[in-house]
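Undergrad: After the sequence you'll find the predicted model.
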Amino acid sequence: MSLLTHVLACLFGMGSWVAINGMWVELPLVVPEIPEGWYLPSYLTVLIQMANIGPLFITLMHRFRPGALDERPVIYCIVGLGIIATFLLAFFWRHTVTIGGSLHSVPLLVLSFLLSVVDCTSSVTFLPFMMRLRPQYLTTYFAGEGLSGLVPALVALIQGVGVVHCQNATLAGAANITADNSTMVGSAELQAIYQPAKFSAQVFFVFLSAMMIVCLVAFILLNHHPAVARERKNDLYFSDDLALGKREPGLSLHTQTPEQKPMISPLEAGREPRSSFGKGTYSTLEVVFIFVVLAWVNALTNAVLPSVQSYSCLPYGNKAYHLAATMAAVANPVACFIAMFMPVRSLILMGFLTTFGTGFGAYIMAMAALSPCPLLVHSASGTAFIVLAWILFVLSLSYVKVIIGVILRDEGHSALVWCGAVVQLGSMMGAISMFPLVSVYGLFKSGDACNTKCPM
């Protein structure tokens, strides 16, 4: 396996969700500057679900016109759109337009929608493209996809987004009530002071645009670099390449057809297909199980639990929140590297890990529901438990996602298209279920990083 191809696959995967992940981590700097305020996360959630029109179109094309759509031109278009949209965002995110007598951040919302289309469509185009490389590179791609959340989070951490210092504030005389904190007459309590960022949101959005450019360059090299093409041409894993290679000695990666299949061993060739899905390796019931697990895992990791992360962590303190968010982001690529060396395809193990991760997810959800006074809120053990719960939750379910991707990759090109579609479907269902609970009915109450007062 070529180290160059692994690096390119990782960089290509980093471009999949880096734009929207970057938007989420930059919210604390963006929100105070726009008229929508903290309604922006709700708007983003709706825009991301509307952007699923992209994956829907691609999936329907593969379903009703199989082989007619080549994902490579689509990838060039969406990555190019991502580069332009993030660059424009750097200069127009503050601009407002008067609609119905009130100001609205129309450029920010429109560009966020375009970035959502880019990232959502990547799920049903990037994965099928990886069929053109050996199965080992798919795991590297998933590691890059995990880094698409970690890298913006680390940059935002360096930037100083959301860093809070608690300091004593004593007010005498008349009561003074501020927008963020209320202080009683003559009382002394801790006040949350947000530190200024080390660099602006504009610089951060330019960084996201640069990340998309890196993704585009990696994609171009995966298509045209001689070392990548040579490795594929000489690889016995692809029978179609051998046949084409005899007729075309100068074969390169971009001349190959989208529906190339791996070589099937004589043992597999003589085995009766267990279903009409893919190569028939799995029965219909097993295929349904795989896709149900895939939808469930992505609903939890992409929508349900992230929507309550602040509620579950902030009562334990600002450090607990940042530590949980950062370590959970690290756990994603770590799970991918584990899967690279331990690619276990057991459905039993998949079910066990799903149950294991869901259990930690249930603990996190329970702590969010109990906010601002969750269990062990005043103890170091409570902080350790919530951080550990986030790490194990992301680690186990990320491993499940990678293994399902490897299983479906072996089933063929169309299986990976359906994989991407189910990922988006699960994420959408999770977001739709949590949006009214969090944003409409307000069932979760925020904890104050400085003034949480709970009975001991």
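TA: Here it is on my side, so go on.

Undergrad: And stretch 99-106, end to end?
TA: 9 Å (Cα to Cα, to the nearest Å).

Undergrad: in it, what's buried?
TA: Within stretch 99-106, the residues scored as buried using 16 or more other Cβ atoms under 10 Å are His104, Ser105. Using the backbone N, CA and C atoms, a C-beta is placed for each residue, glycine as well.

Undergrad: what is the mean pLDDT for it?
TA: The pLDDT scores in stretch 99-106 average 85.

Undergrad: give me every residue that touches Met428.
TA: Applying Cβ atoms under 8 Å, 6 or more residues apart in numbering, we find Met428 in contact with Gln49, Asn52, Ala303.

Undergrad: Gly357 now?
TA: Here Gly357 is in contact with Val297, Leu300, Leu392, Phe393, Leu395, Ser396, Leu397, Val400 (criterion: Cβ under 8 Å, 6+ apart).

Undergrad: Report the residue spans of the stretch 351-456 of the chain with pLDDT below the cut-off.
TA: 447-453, 455-456 (pLDDT under 70).

Undergrad: what is the mean pLDDT for the helix or strand encompassing Leu147?
TA: In the assignment (DSSP states H and E), Leu147 maps to helix 135-159. Averaged over helix 135-159, pLDDT sits at 87.

Undergrad: mind listing what's buried in that helix?
TA: 137-153, 155-157, 159.

Undergrad: What is that helix packed up against?
TA: helix 3-14, helix 18-25, helix 106-129, helix 201-224, helix 318-341, helix 380-411 (3 or more Cβ pairs under 8 Å, 6 or more residues apart in numbering; DSSP states H and E).

Undergrad: which SS class is Val377?
TA: Here Val377 is recorded as coil under DSSP: H, G, I helix; E, B strand; the rest coil.

Undergrad: okay, now it: neighbour count?
TA: Val377 is flanked by 22 other residues according to other Cβ atoms under 10 Å.

Undergrad: Renumber starting at 40 from here on
TA: Sure, I'll start counting at 40 from here, so that last one is Val416.

Undergrad: Just to check, it is in contact with Pro354?
TA: Yes. Val416 is within contact range of Pro354, at 5.2 Å (criterion: Cβ atoms under 8 Å).

Undergrad: I'd like the helices and strands packed on helix 174-198 as JSON lines, with distance to Leu108 appended.
TA: Shown next, in JSON lines, are the helices and strands packed on helix 174-198 (distance: least, Cβ to Cβ, whole Å):
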{"stretch": "helix 42-53", "distance to Leu108": "19"}
{"stretch": "helix 57-64", "distance to Leu108": "23"}
{"stretch": "helix 145-168", "distance to Leu108": "9"}
{"stretch": "helix 240-263", "distance to Leu108": "17"}
{"stretch": "helix 357-380", "distance to Leu108": "28"}
{"stretch": "helix 419-450", "distance to Leu108": "18"}
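
Undergrad: Those: which one's closest to Trp457?
TA: helix 419-450 (7.4 Å; Cβ to Cβ).

Undergrad: helices and strands around the closest one, which ones?
TA: helix 174-198, helix 323-338, helix 348-352, helix 357-380, helix 386-409, helix 452-474.

Undergrad: Please identify the buried residues of it?
TA: 421-422, 424-426, 428-450.

Undergrad: what do you get for stretch 365-382?
TA: 365-375, 377-379.

Undergrad: Pull the number of nearby residues for His417.
TA: Neighbour tally, His417, other Cβ under 10 Å: 13.

Undergrad: ignore the last one, Val347
TA: 21.

Undergrad: measure the nearest residue to it once chain neighbours are set aside to Met473 for me?
TA: Of all residues not flanking Val347 in the chain, Ala407 sits nearest, at 3.8 Å (Cβ to Cβ, 6 or more residues apart in numbering). Ala407 is 11 Å from Met473, where distance means Cβ to Cβ, to the nearest Å.

Undergrad: Give me the common contacts of these two.
TA: Contacts common to Ala407 and Met473, judged by Cβ under 8 Å, 6+ apart, are Val347.

Undergrad: Comparing these two, which shows the higher neighbour count?
TA: Set Ala407 next to Met473 and count neighbours by other Cβ under 10 Å: Ala407 wins out with 25 against 20.

Undergrad: Spit out the contact partners of the more buried one.
TA: Val347, Gln348, Tyr350, Ser351, Pro413, Phe483.

Undergrad: Neighbour-wise, give me the winner out of these.
TA: Ser351 (27 neighbours).

Undergrad: Save the contacts of Met467 as CSV, and put in pLDDT too.
TA: Listed next are the contacts of Met467 as CSV, based on pLDDT from 0 to 100:
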residue, pLDDT
Gln88, 80
Asn91, 85
Ala342, 82
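
Undergrad: Among those residues, name the buried ones.
TA: Gln88, Asn91, Ala342.

Undergrad: Between those residues, which sits nearest Ser41?
TA: Asn91 (34.7 Å).

Undergrad: wait, doesn't the closest one sit right on Val462?
TA: No. The pair Asn91 / Val462 is not scored as a contact, 10.7 Å apart, by Cβ under 8 Å.

Undergrad: Next up, the contacts around the nearest residue to Met366 once chain neighbours are set aside.
TA: Setting aside the residues directly before and after it, Met366 is nearest to Ile430 in space (Cβ to Cβ, 6+ apart), at 5.1 Å. Neighbour list for Ile430: Ala363, Met366, Ala367, Ala370 [criterion: Cβ under 8 Å, 6+ apart].
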